[in-house]
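Enquirer: Kindly return the folded structure for what I paste below:
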Amino acid sequence: MKMSSLVKLLCLMLCIVCAQSVIVRNGVYDNLVIEIQKDVSDEDCSRFLATLENTLSASSQHLHQSLDGRIYFSSFEIIIPSTWSYNCLTNSSTVTSYNGASTDVQITKSNPIFGDYLWTQQSGGCGEHGDQIYVSERSIRDDFQNIEKKFANEFMKYRYGVFDKNGFDGDAIYPKCSASGNPMCTDALALDSHSYNKYMPTKQNQLCDRMSPMDVILRNVDFNGTQRNQNFTAPTFNYVRKMSTRYMLLLDDHADISIRDSFGFLRDSIRKWLDKDLIHHGTEVGIIKLNSNNASDPIKSISGSDDREEIMSNLPFSVTNRGGYGKCNVYPAIMKSVNIMQERSNVHGDAISSIILIGPGMYNCSEEIMTEIIEKCKSANIKIVTVNYPIIGINRVPMDELAIKTEGEAFTVLEKKKNEDKSSLATFFELTNVFMYISAKFHHGDASELPIEIYRKELIDSNTSGDSTKSRTYTDSFNVDDTTKNINFFVYNYDRKELGSVIEDISLTSPNQVSFSRISELRSDYHQLTLVGNLSGIGSWHYNIKRFYGNQQPHFVQVLAYPKIDTNNFITARAWIKRPSTGAPNIIYAEVMQGSLPILDALVEVVVRQPSGRDERIQLFDSGNSDPDVTKGDGVYSRYYTVDEPGMYRFSIKITDNGNTAYSQIDRDPSKQIHCCGSAITTQSKQPVTPFTRYITPITLFISAEEIENEKSKIPFIGRIGDLHVVPQTTNGSEKVTLEWTGPDTGSEISQISYEIRYTFNLKDIVDNFDVIGTVLHLGETIPHSIGQGASVTLNLANEHGLIGVPFYVAIRTINEEVSTGPISNVVRVFVPKRRPTASPSYTHIDNDMYESDPSMEPVDDDETVGIFRNAKLAGIPWQILVPVIICCIIVFIIITIYCWCCVFRKRTYSDAKKPTKSPSKPSISVITPTTPSYQPQPVQQNQYHMDPVTNGNSHHSYLVDVPDHHTIGLPMMDDDMMKPDFSDHDKMLIEEMKQQQRFQQQALLDAYGDQQQILSSTLTRNGQYLSPYESWSASTLLAEHEVRQSPLDHEGSIMYVDANGEMVPPIPPHPYNVNNGGTYGYVDQIRQPPPTYTSVYRPLVRGVPGQGSMQSVVSSAMMSNGDPKKIRNVTMV
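Expert: Model prediction:
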C-alpha cells in the first residue's frame, strides 16, 4: 500500500472520530443507535418506550416522503440504562448485550440551554457528518407536536451536513426574517420567487455556498444507486444494555520492539493496565503473539486475581525473533482474533469488542486483503486500536488505516532514548497513558468509575554537573473542584532502587492543612510511588518533592481525580483531528464541557512536534467565524493546520481555565431557552468555573513526501470570513462606518495577508457579481491579520457622496499577496443618513426625505442583529403577534376614552344637582357692565398697542388703546350659569313685588334728574374695554354725584330687603353725561353718545356700609333692564 493513499485515509479522521454506526444499503438505513442516558427516569418506562417507538416509526415515514421515497429506517438499536428493569420492555422484546456500535442519538434530561428542543451538534462544515443528535426525555413523554418531523430534520443535519434555512431570534449573522422585519430579508425576498432563495441571510446559504439543502443531500454518497418511490416498511427495534467489554491484544514480538527498555516498558504498561486501570467486573482480555500458532481460546475474565495472573502469563519475557513475516504480517492474527471473539460472543453474549494491535508498524497489505480485514471486523462490530511502538520499522508503514476504517483509535508512541543503554522514563509515561485512555474509551460501566487526569508535571535536571549530595526541592500546587470525590497522587520514577538515591522526600498538603508524607511502594513495579492516606478535599493542594542533583532520568508528577457519582458538572475534554471533504487542511478540534454546559474563554493550547523536531505552539478558538468554527459558544474549539514537510506530526493538547477567565452559563430560564444553533449561542448569565487543567492523549499524523508535493501544487488555502458586521455609530450625523470581523483561518500564520472590501447597491449584485459589479472601497490603512483575533476598519464616506443617504451592500474577502483569494464573506447592509441642515433658508425648499434616517437602518438592540439593520423597531416581532397586540391597544384606548367622558359628564351633573342654594344671609351685589353699542364697530387688533382715530366734527383725535389698566385687577371670566342667583320660591315672590316698586323708582329718578338719566346709556371705551367712572368722570362730576347720593330715598327699607337684611351696597357713581352748554373741565365732545345697555351680575355685599340706598336703586333698575349678562369684570374702587 502506498504511503500517499494511507495519508489520505489518515487525514480523514483521527483520535476521537464522530463515527457513524448506521449502515446504509440500497436506500435503507440499518441499526441507528439511540442511547437513553442514565439520568432519565424509569417512571412509566413501558409507556415511554412505546411512545419512542411510535415517534421513530413516524419519523422514518416522514424521511421517506421528504426525500421522494429514496430512503428510510429499517431498524433501530436502543440502549437502555443498567438501572432500568426488564419489565419496561414489551412482551415481544428482549434485552441483549451492547456490541459497542457508536451512538447516533442521545436521549437526556432537558438541556440547560436548549431546553426540550431537539438539536444536533455540528462541528463540521457543509456536507460533513454531525457529532450527535440530542432529544429530551420530556419531548418523548409528552409526545410533542410534530416531533417525528423534527427528528427527521435533525437526522438530515446529522447525516448529510445541512443547516437551518431559517434564521434565529436575535442572531447577529443569521437573523430571523419576517414580512416587515430585517431589510436584508425584505430585499432577498424581492429578488427570488423560486422555492429556495439563495439570497436570504441563512446559515445554509453562508456555509454551503448558497446551495439548497436538497442539493447538498443528494450529493451524499448514501444516495448513490438509490431510486425514487421505494416501498416503505415499518422499522424494527432492538433493545440492548451495556454489560461487558472484551479486548484482544495482538503483540508483534519482533526484535524491533525490544530497543533498549522498550519491551520492558511495554510489559509493565500492560500489567498495570490489567491490574489497575481496567474495571474488573464484566471485562475480558486475551493476548496473542503475531507468530503464535496457539489455537486455544485465550480470552479470560479479569474478575479474579488468578485470572489476571493467567492472562499476564501469556506475555513473553523477552523477544528474540528477528525474522520477517512477509507481506501483511497482521492478516493471520487479526482474522484469528475475530473468529475467537465471535465464538466468545456466541457463548457469553455480545460485548464492546476491540482488538489492540501493538507493533513497530506493519508490512504492506494488498488492497484486497485490507478490504477483507476491515469488512470482517465491521460485520462483527469489532474495532481495531493500533499502537505504533516503539518505532516504525524498516519497510513498514503505520497501522492507522486499520483503526480509522473500523472506527477505532490510532496512537503512536515512539521510544525516547536516554542513552545507549536506557530509554527515557517519558516513554513509559506516554505508553501507560495510552492504555489508560483505551480503558476509558471502551468502558461499559459508569464514567465515575474511572479517573481523569487533572495535573501533570515533568521534573528534570537541567544541570547534571551539580553536587549530588545537595537536594533540590520542587514545589507546586493543583486545584480540586467540588465535583471530585477523591484523588490519586503519583510520582513516576525509573527504578524502585532509585528511591533512596534520587528522591529524598515527598509531602502533600491538603486544603484543610492535612499533611501526607508516608510513601507507598505497592505500585513500584509499575514505576509509581504514591502516598498513604485518604486524599480527599476541595481546593488547592500543595506538594514538595526533594530530589538530588545528577538524576539521569526525569520524574513525572500525575494527579488523577475520580468524579462524584451523582454529579453532572465534572469538567471533561476530548479532541480529534479531521480532514474536510472539501480538500481544506486538517482541522484540530477540542471540546470542553462542564456537564452539559460548554465552557467558554478556555485556553486550548496545542504543541505540534514537527518531523524536524521543532515545536510549534498554536491556539484553538471558539470564535464562530464559520470557517472552521461554525458556532460560537458551543464549547468546541477548532483551527486549521497546514503541514509543510513529510514525516510524523505529534499534537499534544492542554486545556486550562485561562487564568480564571473561563466561564460557563447558568441554567437558563425555561421561558428563555433557545433553538440550536445560529452563529452563536448567546450567554444569558455567566458563572466562573473553578481553576482546572485537562490533558489530551497526543494525536499523531503521518505525512508523506508525495502528499507534501500535492499540497504545494494547490492554491494556498484561505478561510472564509463569516462574522462581518457593522458597528453601530454612537455619534449622530457621522459619515464614518466601522466594520468588524474575526481574522480568517489560513492554516498557518501568514504575514502577507490583506483585505478587499467591495460594495454594490443591489443585494443580487454583491452575491453573484462581487468581482464584476462590486466597487472597491479603498481602505487607506493596513489591517493587521491574526488568526482568531478581531479585526476592524473604519470607512470615511465623506468623499463618497454617492453612498450618503442610500443603502448599499458590503462584503469582504481575504487576499494572499502571493496568488490566492479567499471566499466572499457574509453580506451586510449599510446606511449612512445625510446630515440635516442646522438652519434652512426661507426661500429654499428642503426635501425632508433626503435627510430623514431610514427607519430600517436603525441598529438593533444588543440581543438583536448588530450591523445588519431592520425596517422598524418591531421588525423582530412576527405579524401574527404584532397585529393582535395593536388591536388590543386600540380597544383599551377607546374604553379609557369613553370612561373618562362618562366621568366628566357625571361630575357636571352631580355638581348642578348638589349646588347649594344661596341663603338670605349671603346677599349679592350688582356689578354694572356696559355692553358695546350696536352701531360702534369692533376695533381690529393689528399690534399689541395702536392708535385708534376718532373724528369729532372738524377735529381728528387719536387715542392709545390696549394700554393695561392699573386700576383693574383681572378676574377669571365666569360662566353665566355659575353667576345666576339661586332663589327659593319665597324669594322669587318678594323679588317680583320689588320689581314693581323699582319701576316707580325709575320714573321718580327720571323726573328728578332729567337729562342726567342719559348717564345710564353713556359709556367710554378703550379698544373695546369699558372704563369705570373713576377713569372717565371729571372731579366736579364725582363731587356732585356724591352730594346727591347722601340723600336717602323713602323706599330704602324695601331696597334693603332685596339687599338681604340691610346689607349695604357700596356706591358706584354713574358715568358722566354730556350737555350742550359744555363741561366743567377741559374738552367736551360735541356729539352725544347713544345710551348703552347695562347688565348686572350678583356678588356678595359688605355689611354695615351706609349710603347704599340710591345706588341700589340704580343697580336694581339696571338689573331689570337686562338680566342676561354674559361676562363680568371686577372694578376696584379708588
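
Enquirer: now the end-to-end length of stretch 581-599.
Expert: Distance between the two ends of stretch 581-599: 28 Å, counting by Cα to Cα, to the nearest Å.

Enquirer: Could you pull out the buried residues of that stretch?
Expert: Within stretch 581-599, the residues that qualify as buried are 581, 584-594, 596-599, counting by 16 or more other Cβ atoms under 10 Å. Yep, even glycine has a C-beta here, placed from its N, CA and C like the rest.

Enquirer: Next: stretch 274-285.
Expert: By 16+ other Cβ under 10 Å, the buried positions in stretch 274-285 come out as 274-279, 282-285.

Enquirer: With respect to D44, which of the buried residues of stretch 581-599 is nearest?
Expert: Of all these, D44 sits closest to S596, with 23.8 Å by Cβ to Cβ.

Enquirer: So what pairs up with N586 in the strands?
Expert: Y641 (DSSP bridges).

Enquirer: How much space separates it from I703?
Expert: Going from N586 to I703 by Cβ to Cβ, to the nearest Å gives 10 Å.

Enquirer: joint contacts of these two?
Expert: V643 (Cβ atoms under 8 Å, 6 or more residues apart in numbering).

Enquirer: Count the residues that sit near K546.
Expert: By the criterion of other Cβ atoms under 10 Å, K546 has 14 neighbours.

Enquirer: Return the list of helices and strands in contact with the helix or strand containing it.
Expert: Taking DSSP states H and E as the criterion, K546 maps to strand 539-548. Other elements packing on strand 539-548 under the criterion 3 or more Cβ pairs under 8 Å, 6 or more residues apart in numbering; DSSP states H and E are strand 471-480, strand 484-492, helix 499-502, strand 503-509, strand 555-563.

Enquirer: and the longest one with strand 484-492, angle?
Expert: If I follow you right, that is strand 471-480. Comparing the axes of strand 471-480 and strand 484-492 via axes from the mean of the first three to the mean of the last three Cα atoms, to 10 degrees yields an angle of 160 degrees.

Enquirer: so how far is strand 471-480 from its chain's centroid?
Expert: Distance of strand 471-480 from the chain centroid (Cα atoms, centre = their mean, to the nearest Å) equals 41 Å.

Enquirer: buried sites along that strand?
Expert: Of the residues in strand 471-480, 472, 478-480 count as buried by neighbour count, 16+ other Cβ under 10 Å.

Enquirer: pretty sure S515 contacts L508?
Expert: Yes: S515 lies in contact with L508 (Cβ atoms under 8 Å); the separation is 7.2 Å.

Enquirer: So the two - more neighbours on which side?
Expert: Between S515 and L508, counted using other Cβ under 10 Å, the more crowded position is L508 (20 against 13).

Enquirer: Now do the same for D187: helix, strand or coil?
Expert: helix (DSSP: H, G, I helix; E, B strand; the rest coil).

Enquirer: Do I have it right that it meets D765?
Expert: No: with contact defined as Cβ under 8 Å, D187 does not reach D765; the gap is 11.4 Å.

Enquirer: ok, so what distance separates the nearest residue to P611 once chain neighbours are set aside from I703?
Expert: Nearest non-adjacent residue to P611, counting by Cβ to Cβ, 6 or more residues apart in numbering: G647, 2.5 Å away. Separation of G647 from I703 (Cβ to Cβ): 6 Å.

Enquirer: Quick check: neighbours shared by those two?
Expert: Common neighbours of G647 and I703 (Cβ under 8 Å, 6+ apart) are P611.

Enquirer: Have a look at these two and say which one is more surrounded.
Expert: Remark: of G647 and I703, I703 carries more neighbours, 23 against 15, as counted by other Cβ under 10 Å.

Enquirer: The more buried one: what's it in contact with?
Expert: Contacts for I703 were tallied using Cβ under 8 Å, 6+ apart; they are 7, 611, 643, 645-649.

Enquirer: same deal with K764?
Expert: 191, 199.

Enquirer: Check which residues of the helix or strand hosting it are buried.
Expert: K764 is part of helix 763-768, with elements assigned from DSSP H and E. Neighbour counts over helix 763-768 (16+ other Cβ under 10 Å) mark 763-767 as buried.

Enquirer: Just want the most central residue of the protein.
Expert: T682 (1.8 Å; Cα atoms, centre = their mean).

Enquirer: hang on, isn't that one packed against I674?
Expert: Yes: the pair T682 / I674 is scored as a contact, 6.8 Å apart, by Cβ under 8 Å.

Enquirer: how about the helix ranked longest in the chain: buried residues?
Expert: Taking DSSP state H as the assignment, the helix of the chain that covers the most residues is helix 879-913. Residues L882 are the ones in helix 879-913 that count as buried (16+ other Cβ under 10 Å).

Enquirer: and that helix, average pLDDT?
Expert: For helix 879-913, the mean pLDDT works out to 80.

Enquirer: That helix: how far from the chain's middle?
Expert: Using Cα atoms, centre = their mean, the mean C-alpha position of helix 879-913 is found 40 Å from that of the whole chain.

Enquirer: Quick check: neighbours of the strand holding K546 in the sheet, parallel or antiparallel?
Expert: In the sheet, strand 539-548 lines up against strand 471-480 (antiparallel), strand 503-509 (antiparallel) (DSSP bridges).

Enquirer: so who does L207 touch?
Expert: Contacts of L207 (Cβ under 8 Å, 6+ apart): 125-126, 163, 626, 630, 722.

Enquirer: same thing but at 7 Å, please
Expert: L207 sits next to 125-126, 163, 626, 630 when contact means Cβ atoms under 7 Å, 6 or more residues apart in numbering.

Enquirer: and the gap between the residue lying closest to D252 once chain neighbours are set aside and G264?
Expert: Nearest-residue entry for D252: G359, 2.7 Å, with adjacent residues in sequence omitted and distances by Cβ to Cβ, 6+ apart. The gap separating G359 from G264 is 16 Å, by Cβ to Cβ.

Enquirer: With T406 instead?
Expert: 30 Å.

Enquirer: circling back: among the buried residues of stretch 581-599, which one lies nearest to E137?
Expert: Nearest to E137 among the buried residues of stretch 581-599: S596, at 12.9 Å, using Cβ to Cβ.

Enquirer: where's R579 relative to G282, distance?
Expert: R579 is 36 Å from G282, by Cβ to Cβ.
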